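[1] fold the following and give me the result.
(2 chains)
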There are 2 protein chains.
Amino acid sequence: MKPIYSITPIGGVKEIGSNMTVIKTSNQWVVIDAGILFPSDDFYDLRYLIPDYSYLDENLTSDLVITHGHEDHIGAIFHVLEKLPEIKIWAPAFAAHLIRAKLEEKGKKVFIHIYDEKSLLEFNQIRIKPFHVNHSIPDTYGLVIQDREKIASTLYISDFKVDPLASFEKPIDLNSIKEFMSSSLIRLGLLDSTNILSPGKTDSETELTHDLDEIIVNNHERVFITLFASNIHRLKTIIETAVAHKKKIAILGRSIKFYVQAARELGLLSFDEKDLIDLENERLEGKKVLVLVSGCQGDFHSALRRLVDGEVPHLKLRPGDLLVFSSKTIPGNEKKIGKIYNKIYEQGARIITAYDKKIHASGHPGKEDLKLVYKSLDLTDLAPIHGESYFLQKHIDFVQTNFPHIKTHLIYNFHTLSLLSSGDIKKTSEDPLELVFIHGQEMVIPKKKISERRKMATQGTVLISIKPEKTQAKIRIELIGLPEIEMKLDALKDLLSDKLYGELKNKDLEKKEDELKIETRRFFNHFLGYKPVTVVHII
Amino acid sequence: MKPIYSITPIGGVKEIGSNMTVIKTSNQWVVIDAGILFPSDDFYDLRYLIPDYSYLDENLTSDLVITHGHEDHIGAIFHVLEKLPEIKIWAPAFAAHLIRAKLEEKGKKVFIHIYDEKSLLEFNQIRIKPFHVNHSIPDTYGLVIQDREKIASTLYISDFKVDPLASFEKPIDLNSIKEFMSSSLIRLGLLDSTNILSPGKTDSETELTHDLDEIIVNNHERVFITLFASNIHRLKTIIETAVAHKKKIAILGRSIKFYVQAARELGLLSFDEKDLIDLENERLEGKKVLVLVSGCQGDFHSALRRLVDGEVPHLKLRPGDLLVFSSKTIPGNEKKIGKIYNKIYEQGARIITAYDKKIHASGHPGKEDLKLVYKSLDLTDLAPIHGESYFLQKHIDFVQTNFPHIKTHLIYNFHTLSLLSSGDIKKTSEDPLELVFIHGQEMVIPKKKISERRKMATQGTVLISIKPEKTQAKIRIELIGLPEIEMKLDALKDLLSDKLYGELKNKDLEKKEDELKIETRRFFNHFLGYKPVTVVHII
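    As a prediction, the model looks like this:
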């Protein structure tokens, strides 16, 4: 049986990040989102990972629909365009603005079709209806994918929460979504698993105003607030509170500056230029000021890290300063952020975190949010997305326990759900392609090369060049990342020379180099307990 | 004024780990603990960090008193003995047993003086009275350091909790400690800050038996339990429960085997050999079995990591298996452990963690434990220890708020508290020595070399050897950890050759090598956006 359409995630459904899902009909592929995944550590100076776009069929892939402006949904558009320069891009206004600005920095111009809640995106055999949802960046959408005959409706919402108290944007309209899907035989949800380990209801952004206000008002000394730079509603609350209390605003860090500018250009954020202090030209001394600082995850290159390390000109932390983390710690960043906390206290300043006050709300649904969704929408099927493997299974467990009438489908990247006119959903799988590492100037680096980097980092490197002469060789040895064992290097030279003029005398060059490499690694293993990466050039 | 005695921590009082504190009198230094700190990441294959023992005065340092057998208190004794082979070591029986076993593995024999609660350790001008405390390893002690005239009593307890329900060992006897210190003018506490961010009371080990029992009894499939290997009381509970329910025990991992053997040798743990399955000779198929697995922190070399990656012979995870984490995630290990969770679910097995059931209790005091201590002991002074900087300050904030009559002293490593007969405590500081990195076979590696490793890991390495001949040079180029840009290497060779025979023709060798190195790095920077580590040998 031919599917009505099928769905293949190629990123984001086994990890949180690098989101990309392909909707396939017999003559067209429509791609949803094109995001990046940040590497789980800072080593090897890798910038990010992206799905392997060699998977995308150049003849079929026609359109890219973006749900919102977070990097894990738009960050890899540059690479999609390298492969498919003609792809048509659809996005909400704010995401489109961010995409254009980021591509311009890389010297690329692109036309983007803007959609909003009134739009209906028409493709050959399917149509996509966007529904506004609440999330931690404005202008976020869930999408309902539907065939022309309305047999199969798929609700794709990778990032959202249910926020009935939402005051910045209207809450998600579950009734409208339900109604739009109601005539379909298959009503499949592809839904957010990020917070499936959280038992409760995700806080509303609106509920944070009280504590943020209190912190800003009660602290007459300097207040620094760090947060996720793209959280425009949080920025709005903080800036408006500060201005209302006659505090000046300063912005430290490229990232917050970028998003504040984008949000002002789109009218999502407004304040008077006179309330802003330009840190590059003005000093803070004696001013009542609130400083917004990029880098709540403690990244090495961030403004926050530079601030606590005293690397920002004319702006040193001092006793009395308060640093507010209006954010959460992304798993994996605990140590980096802990180091920042320590440095703040060592300078006599203090911190307030979301552990002390209600100053951060997630953008993702806890179990109670999901319950509201499953109660309101009359879904027949569910496949969890936006999660690591164990989040996906926990999401399935949760639905099986609480909504046993919903059929669940555990899928990972490169699994395909084929929606059949019988009302069934068939799961098939292909060999998954691994995520691709990007480093330097948007370049791909093969995994094998990263292993080489790892070996050099863990075992050090020995470089030996040898010029054989009549009865002895001229040998130079260079150690990188190894303890000084200089006095022992003469012994190594003797050893290599003996071998070269002894048992290896009549061997070919390649054999000689191989053997001397083995000898060298054995020599170091004896002293160090491990074998360094070794290169021998006989020249 | 000459101090009665003074106290200088040289490790563990700005980080959690590498504990070492020096008690100084005019003619003698007594050292408390000699621990290691595990590096905050797995990179560079560093094994651990230790305090810089060049600080220890060889003529004065006479004795080392160990409080308990955790690695962050005994792990660096090997290195202390390298510097001070004659130092006299005092330890409780279980710690002594562990120290001897670990030193024997490294080919070192040592005599250890055993102490217990009845002991009083006498030194020239001071004496040390051990008091039993509860912790996550048996046989742990707090120490009261007292001068002969009993003017100054210092209570040193770096690791403990208040556990009135303790059933494995008796609870801490706060009254006896109070009484022993009562006649002193100075009653200083140096106390554990590990859990100062926890508002409540730390659970008792005894409270875990219910849920552990339930898990072991209710699961008829295979149950794997991972935990901190040195937690003998937890092992005892688990093993006894399994045996009571006619399950066989298997042990996977060197670390748990080591501690189980040590505990059996000392009579802290006992079970019948027939209840044990030897995984090297027996298969598990069809047996009701509980497998204890080392590696609850997900370390790469651990049994747990090998198990989930299918690397343990004849023992593959399968649907129905239950993996129980009777442990907590040490900050910094979230990603590693998350990966393990994912792999377990991908194989259709399930996990239970301390998040789901009451199956882990910390060994350190929460705020409510500390309140009991400060209420019971009549301390005049406090200096928090066993914490990172911000834990130490939070501990001080807590005491200032709740026990304002106690004088607080914020100290870091290499600060000295001098206890004066006036009753005052004077704080002075020296330039702190950095912790020393140990890699390979107990070798020190200088920080500069680790930076070199980092550079190779982040930027890759280029080795160029050049043999100049009459009109042109033979050039070989090797790239390690860099993307293949082979086709461009000919261009680089031409560039280097032109330079060598052109503007550098009459320069000396060193100048030639330097210039070609700069040229090479510039060349790669153009393509990659960064400059690899480069070595040029003209030979």
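
[2] what does the stretch 301-450 of chain A put close to chain B?
    Proximity of the stretch 301-450 of chain A to chain B, by C-beta under 8 Å from any C-beta of the partner chain, involves residues A:331-332, A:334-335, A:338, A:341-346, A:351, A:355, A:388-390, A:392-393, A:412, A:439-441, A:443-446, A:449-450. For glycine as for every other residue, the C-beta is placed from the backbone atoms N, C-alpha and C.

[3] quick one: which of these sit in strands?
    Of these, the ones assigned to strands by DSSP state E are A:351, A:439, A:443-445.

[4] separation between the nearest residue in space to A:Asp203 that is not next to it in sequence and chain B?
    Distance criterion C-beta to C-beta, 6 or more residues apart in numbering or on different chains; nearest residue to A:Asp203, sequence neighbours excluded, is A:Ala361 at 3.9 Å. In this view, A:Ala361 and chain B are 21 Å apart by C-beta to the nearest C-beta, to the nearest Å.

[5] and A:Ala361, what does it touch?
    A:136, A:202-205, A:207-208 (C-beta atoms under 8 Å, 6 or more residues apart in numbering or on different chains).

[6] quick check: A:Lys447 touching A:Glu434?
    Yes - A:Lys447 is within contact range of A:Glu434, at 7.1 Å (criterion: C-beta atoms under 8 Å).

[7] out of the contacts of A:Ala361, which one sits closest to B:Leu509?
    Nearest to B:Leu509 among the contacts of A:Ala361 is A:Ser136, at 59.5 Å by C-beta to C-beta.

[8] burial count for the closest residue in space to A:Leu433 that isn't next to it in sequence?
    With sequence-adjacent residues excluded and distances taken as C-beta to C-beta, 6+ apart, A:Leu433 is closest to A:Asp52, at 3.8 Å. Using other C-beta atoms under 10 Å in any protein chain shown, A:Asp52 is surrounded by 17 other residues.

[9] hmm, A:Asp52 is touching A:Glu434, no?
    Yes - between A:Asp52 and A:Glu434 there is a contact under C-beta under 8 Å: 6.7 Å.

[10] residue contacts, A:Ile251?
    A:Ile251 neighbours (C-beta under 8 Å, 6+ apart): A:257, A:260, A:276, A:279, A:291-292.

[11] chain B: which of these is nearest?
    A:Val291 (20.2 Å; C-beta to the nearest C-beta).

[12] doesn't that closest one lie inside a strand?
    Yes - the assignment for A:Val291 by DSSP: H, G, I helix; E, B strand; the rest coil puts it in a strand.

[13] wouldn't it be in contact with A:Thr226 here?
    No - contact criterion C-beta under 8 Å: A:Val291 and A:Thr226 do not qualify, at 9.2 Å.

[14] so A:Ser198 sits right up against A:Gly366, yeah?
    Yes - counting by C-beta under 8 Å, A:Ser198 touches A:Gly366, with 3.8 Å between them.

[15] so which of those two has more stuff around it?
    A:Gly366 (20 against 16).

[16] per-residue pLDDT, the residue nearest to A:Asp203?
    We note a pLDDT of 97 for A:Ala361 in this prediction.

[17] against A:Leu292, how distant is it?
    18 Å (C-beta to C-beta, to the nearest Å).

[18] over to A:Ala96?
    Counting by C-beta to C-beta, the gap from A:Ala96 to A:Leu292 is 24 Å.

[19] most surrounded residue in the contacts of A:Ala361?
    A:Glu205 (26 neighbours).

[20] residues in contact with that residue?
    So A:Glu205 contacts A:134, A:136, A:163, A:166-168, A:233-234, A:237, A:361 (C-beta under 8 Å, 6+ apart).

[21] got TSV for the residues you listed, with secondary structure too?
    Below are the contacts of A:Glu205 laid out as TSV (three-state DSSP):
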residue	secondary structure
A:Asn134	strand
A:Ser136	coil
A:Asp163	coil
A:Ala166	coil
A:Ser167	coil
A:Phe168	coil
A:His233	helix
A:Arg234	helix
A:Thr237	helix
A:Ala361	coil
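
[22] which among those count as buried?
    A:134, A:136, A:163, A:166, A:168, A:233-234, A:237, A:361 (16 or more other C-beta atoms under 10 Å in any protein chain shown).

[23] let's have those in a markdown table, adding distance to B:Met181.
    Shown next, in a markdown table, are the buried ones among the contacts of A:Glu205 (distance: C-beta to C-beta, whole Å):
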| residue | distance to B:Met181 |
| --- | --- |
| A:Asn134 | 58 |
| A:Ser136 | 53 |
| A:Asp163 | 56 |
| A:Ala166 | 58 |
| A:Phe168 | 58 |
| A:His233 | 55 |
| A:Arg234 | 51 |
| A:Thr237 | 52 |
| A:Ala361 | 48 |
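
[24] secondary structure element holding A:Thr428?
    Element membership for A:Thr428 (DSSP states H and E) is strand A:425-429.

[25] for that strand, packing partners?
    strand A:415-419 (3 or more C-beta pairs under 8 Å, 6 or more residues apart in numbering or on different chains; DSSP states H and E).
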